[in-house]
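Novice: what follows is a predicted structure for the sequence shown.
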Amino acid sequence: MDLNFNKNEDQNKLLLSDLRKRFVKVKLGGGTAKIKKQHAKGKMTARERIDYLLDSKSKALEIGAFAGDGMYDKHGGCPSAGVVVKIGYVSRRLCVIVANDATVKAGAWFPITAKKNLRAQEIAIENKLPILYLVDSAGVYLPMQDEIFPDKEHFGRIFRNNAQMSSMGITQISAIMGSCVAGGAYLPIMSDEAIIVDKTASIFLAGSYLVKAAIGENIDNETLGGATTHCEISGVTDYKAKNDKDALDKIKAIMAKIGAAQTAGFNREKAVEPKENPDAIFGILPHSRADQYDTYEIIKRLVDKSEFEEYKAGYGKTIITAYARIDGWAVGIVANQRKLVKTKSGEMQFGGVIYNDSADKATRFIANCNQKKIPLVFLQDVTGFMVGSKSEHSGIIKDGAKMVNAVSNSVVPKFTVIIGNSYGAGNYAMCGKAYDPRLIVAWPSAELAVMSGNSASKVLLQIETAALKKQGQKITEQQEAELLSNIKEKYNAQVSPFYAAARLWTDAVIDPLETRNWISMGIEAANHAPIEKDFNLGLIQV
């Protein structure tokens with residue numbers, strides 16, 4: 001291996017080590033003291049409940065592990081948004097599991113908690129997967145109620161989705177395993193079936209203190225809304241469980257009897273590992289986002305047998321389009337080529353930039369995959385569309401619009417992996433979050449922004465220095481350098497993949513070696529939802 005490969009490998013493995021350290025920290029939720037307190041009550045933690053529920057030795061995907069990271073420090077933090085979400089197998093059925101983490105502010109809902117719950121429901125709806133709720137929450141986090149209560153994508157949308165999923169025939173099962181109060185009480189009761197744990201769980205619209213204040217009635221919480229009350233008097237819940245494990249066993253028993261799902265019919269053969277060593281990804285991928293590399297070498301380490309059939313190989317070379325298999329599933333790959341390429345006419349094109357011909361090629365390929373019912377995988381390392389008079393005169397806006405149109409109207413499931421850069425309109429054309437990928441993940445090397453930190457900081461510096469000079473201030477070279485350093489530091493923090501993951505712009509930051517598993521399980525989930533629409537590009541300029 002050459003020296004550059006070793007430098008790349010060292011840097012990328014440091015990024016992976018940082019990812020693992022961050023994950024260890026968020027897995028603790030509210031911390032070891034809060035976990036001990038949960039155990040002292042005879043209760044399992046959110047992660048322990050999910051682990052017990054999932055089939056042993058089966059694979060699972062965690063959605064939004066870094067949601068809320070660094071967003072609510074002045075409120076004491078909100079690790080994983082106070083709720084754990086996984087896609088996994090329960091009684092051999094693939095499903096979505098949502099578990100409130102009572103070690104984080106007693107499971108209270110922050111704004112990002114609502115967003116994460118809505119994302120979990122979106123995944124269940126898109127893929128027609130059963131969804132299981134493990135409820136243990138004190139309700140809305142009151143100091144931020146104005147950011148979670150009344151808007152379209154706020155708390156109330158959860159219950160609207162409960163109702164719609166019910167009408168769609170999507171199985172919803174809830175286990176009330178702790179506190180369940182106020183508006184949150186509707187979530188489990190709008191599920192198909194509800195289980196409640198005796199003595200440690202309760203459900204009511206208003207707790208005993210509020211009841212006393214509102215109507216003067218003296219009553220304890222257990223009598224007001226405990227398991228005996230709701231299983232034997234009100235009939236609100238369907239099953240009484242002795243403890244957490246008993247409740248989870250009841251969910252397993254129900255899931256084991258659910259009928260088989262319809263399938264979309266996506267093509268799958270026996271999975272074959274890549275011939276090229278996937279570990280080499282760490283040495284191939286440059287440690288600098290500005291450096292070039294050959295994306296073909298990355299693709300070879302993601303696809304079965306390291307084999308693919310390239311579509312229009314000699315045309316529009318800054319985007320690679322190819323048919324391949326990932327873990328046996330047939331896929332269409334749309335990837336940014338990050339290597340400087342030469343056209344037939346001898347023109348050199350920058351890697352990672354979308355030109356007229358590459359946009360045109362991608363549009364045609366996306367249409368082909370929709371016609372053939374082949375899921376799409378986007379590998380993003382894009383700096384944007386080509387600018388300048390030549391591109392403008394050639395109609396880059398029109399060609400770019402055609403590609404965005406094809407991505408927007410695609411009816412086959414789409415999966416996006418952000419490998420490196422994800423800048424500007426390139427993020428949109430390569431199926432960013434706004435274009436409804438079934439799953440969108442980032443490698444630790446990813447950067448998401450309107451433009452790179454170097455470019456943006458220079459633009460922002462010009463704006464700031466111009467404003468200071470307008471006020472009559474003289475700026476020395478040293479002051480300018482300090483301003484640039486401060487601007488760049490702040491901007492670079494915002495382009496981090498963890499900044500994006502905290503806000504759920506991506507579903508996860510993952511080890512590159514987990515990419516095949518994410519795509520495979522994603523397609524398996526999507527295969528539960530037959531395609532009900534025809535592909536139609538609508539009205540576009542040709």
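Specialist: That came through fine.
Novice: count of neighbours near Asn267?
Specialist: As a burial measure, Asn267 scores 14 neighbours (other CB atoms under 10 Å). All C-beta spots, glycine's among them, are computed from the backbone N, C-alpha and C.
Novice: for it, what are phi and psi?
Specialist: The phi and psi values for Asn267, taken as degrees, to the nearest 10, are phi -80, psi 130.
Novice: contacting residues for it?
Specialist: The neighbours of Asn267, taking CB atoms under 8 Å, 6 or more residues apart in numbering as the test, are 329-330, 373-374.
Novice: contacting residues for the closest residue in space to Gly76 that isn't next to it in sequence?
Specialist: Leaving aside its chain neighbours, Gly76 sits nearest to Lys105 (7.1 Å; criterion: CB to CB, 6 or more residues apart in numbering). Counting by CB under 8 Å, 6+ apart, Lys105 touches 30, 75-76, 78, 82, 138, 141.
Novice: where does Lys105 land on pLDDT?
Specialist: Note on Lys105: pLDDT of 93.
Novice: will you turn the contacts of Asn267 into CSV that also has neighbour count and secondary structure?
Specialist: Formatted as CSV, these follow (neighbours: other CB atoms under 10 Å; DSSP: H, G, I helix; E, B strand; the rest coil):
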residue, neighbour count, secondary structure
Trp329, 24, strand
Ala330, 19, strand
Lys373, 15, coil
Ile374, 19, coil
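Novice: and the contacts of Lys105, which is closest to Gly424?
Specialist: Taking CB to CB as the measure, Gly424 lies nearest Cys78 of the contacts of Lys105, at 30.2 Å.
Novice: kindly export stretch 274-283 (C-alpha atoms) in CSV.
Specialist: Written as CSV, here are the backbone C-alpha positions of stretch 274-283 (Å, rounded to 0.1, in the frame of the first residue of the first chain):
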residue,chain,number,x,y,z
PRO,A,274,-17.6,-8.6,-2.5
LYS,A,275,-14.4,-10.0,-4.0
GLU,A,276,-12.5,-6.8,-3.2
ASN,A,277,-11.7,-6.3,0.4
PRO,A,278,-14.3,-3.8,2.0
ASP,A,279,-11.7,-2.8,4.6
ALA,A,280,-9.8,-1.0,1.8
ILE,A,281,-12.5,1.7,1.8
PHE,A,282,-10.7,3.4,4.6
GLY,A,283,-7.6,3.8,2.6
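Novice: just for the stretch 151-300 of the chain, where's the confidence low?
Specialist: Along the stretch 151-300 of the chain, the model assigns pLDDT under 70 to residues 183.
Novice: for it, which segments count as helices?
Specialist: 156-168, 186-189, 208-215, 221-225, 227-228, 244-255, 281-284, 295-299 (DSSP state H, counting those that start in this stretch).
Novice: any chance of the ones you listed in a markdown table, plus distance to Met386 and mean neighbour count?
Specialist: Output for those, formatted as a markdown table (distance: least, CB to CB, whole Å; neighbours: other CB atoms under 10 Å):
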| stretch | distance to Met386 | mean neighbour count |
| --- | --- | --- |
| helix 156-168 | 40 | 15 |
| helix 186-189 | 48 | 21 |
| helix 208-215 | 61 | 12 |
| helix 221-225 | 62 | 18 |
| helix 227-228 | 64 | 18 |
| helix 244-255 | 51 | 19 |
| helix 281-284 | 25 | 22 |
| helix 295-299 | 17 | 21 |
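Novice: with distance to Gln11 added, can I get those in TSV?
Specialist: Formatted as TSV, the helices of the stretch 151-300 of the chain follow (distance: least, CB to CB, whole Å):
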stretch	distance to Gln11
helix 156-168	41
helix 186-189	44
helix 208-215	55
helix 221-225	54
helix 227-228	54
helix 244-255	42
helix 281-284	9
helix 295-299	16
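Novice: nearest to Gly316, of these?
Specialist: For Gly316, the closest of the helices of the stretch 151-300 of the chain is helix 295-299, at 13.6 Å, according to CB to CB.
Novice: residues contacting that closest one, please?
Specialist: Outside of helix 295-299, the residues within contact range by CB under 8 Å, 6+ apart are 276, 280-281, 284-285, 308, 320, 322, 324, 333, 335-339, 351, 379, 381, 419.
Novice: next one: stretch 228-238
Specialist: Stretch 228-238 has contacts (CB under 8 Å, 6+ apart) with 176, 188-189, 193-196, 198, 203, 222-223, 227, 239-240.
Novice: in the residues you listed, find the pair that's most separated.
Specialist: Glu193 and Thr223 (24.0 Å).
Novice: got a list of what Gly424 touches?
Specialist: For Gly424, the contact set (CB under 8 Å, 6+ apart) comprises 383-385, 450-451.
Novice: which one of the contacts of stretch 228-238 is nearest Cys95?
Specialist: The nearest member of the contacts of stretch 228-238 to Cys95, counting by CB to CB, is Glu193 at 13.8 Å.
Novice: residues contacting that closest one?
Specialist: Contact analysis of Glu193 by CB under 8 Å, 6+ apart lists 173-174, 238-239, 254.
Novice: which strands and helices sit next to whichever helix or strand Val98 is part of?
Specialist: Val98 is part of strand 93-100, with elements assigned from DSSP states H and E. Using 3 or more CB pairs under 8 Å, 6 or more residues apart in numbering; DSSP states H and E, the elements in contact with strand 93-100 are helix 46-53, strand 83-90, helix 111-127, strand 131-137, helix 515-526.
Novice: list the contacts of it.
Specialist: Counting by CB under 8 Å, 6+ apart, 46-47, 49-50, 53-54, 82-90, 107, 117, 120-121, 123-124, 129-137, 171, 178, 255, 258, 521, 524-525, 528 sit against strand 93-100.
Novice: give the ChimeraX command for selecting the buried subset of those residues.
Specialist: Burial among those is assessed by 16 or more other CB atoms under 10 Å; the matching ChimeraX selection reads:
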select :46,47,49,50,53,54,82,83,84,85,86,87,88,89,90,107,117,120,121,123,124,129,130,131,132,133,134,135,136,137,171,178,255,521,524,525,528
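Novice: wait, is Arg325 part of a helix?
Specialist: No - with DSSP: H, G, I helix; E, B strand; the rest coil as the criterion, Arg325 is assigned strand and is not in a helix.
Novice: check contacts around the nearest residue to it once chain neighbours are set aside.
Specialist: In space, Arg325 comes closest to Asp304 once its chain neighbours are excluded; the distance is 4.1 Å by CB to CB, 6+ apart. Contacts for Asp304 (CB under 8 Å, 6+ apart) come out as 271-274, 324-328.
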